[in-house]
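*Asks:* Provided below for reference: sequence and predicted model.
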Amino acid sequence: MLVMNGQHTEFNRLLGLGNELLQQRQGLVNVPLRLPQATLDDKQQSALTKTERELALSRLKGEEKERVRLGYAADDLGFVGDPYQEARQRYISNALEAWRNNEVN
């Protein structure tokens, strides 16, 4: 361990120089290697969002899958943010209870 008589100052200086060198080298490497991506229109963004949701749902099972699906449906209906929190929760609870009833039958 370093003795606290000034050697720690030199050690910190060397670490700082090393970090600075690494940052400079990373700056040289961070050259874009791909073409800039086009801005998606609403239809394209919607399709991308849909596939991301489907992927997330495919990893879930049972009631948890249905709860997440209902959350997505609530988002699509505009039940987003604090003013809609109660309506969102009621929507999800009612639909989830209906899902449970259908699962039992």
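*Replies:* Nice, thanks for sending it over. Residues are numbered from 1 along each chain as shown.

*Asks:* And for L40, nearest residue in space, chain neighbours not counted?
*Replies:* Once flanking residues are discounted, L40 sits nearest to L48: 6.8 Å by CB to CB, 6 or more residues apart in numbering. For the C-beta atoms, the positions are set from N, CA and C on the backbone; glycine is no exception.

*Asks:* quick one, what contacts R25?
*Replies:* Applying CB atoms under 8 Å, 6 or more residues apart in numbering to R25 gives no contacts.

*Asks:* Could you list the buried residues of the one helix or strand it maps to?
*Replies:* Following DSSP states H and E, one finds R25 within helix 7-29. Residues of helix 7-29 include none that count as buried (16 or more other CB atoms under 10 Å).

*Asks:* Now find how far off-centre that helix is within its chain.
*Replies:* 32 Å (CA atoms, centre = their mean, to the nearest Å).

*Asks:* give me the low-pLDDT residue ranges for the chain?
*Replies:* For the chain, the stretches with pLDDT under 70 are 1-7, 27-34.
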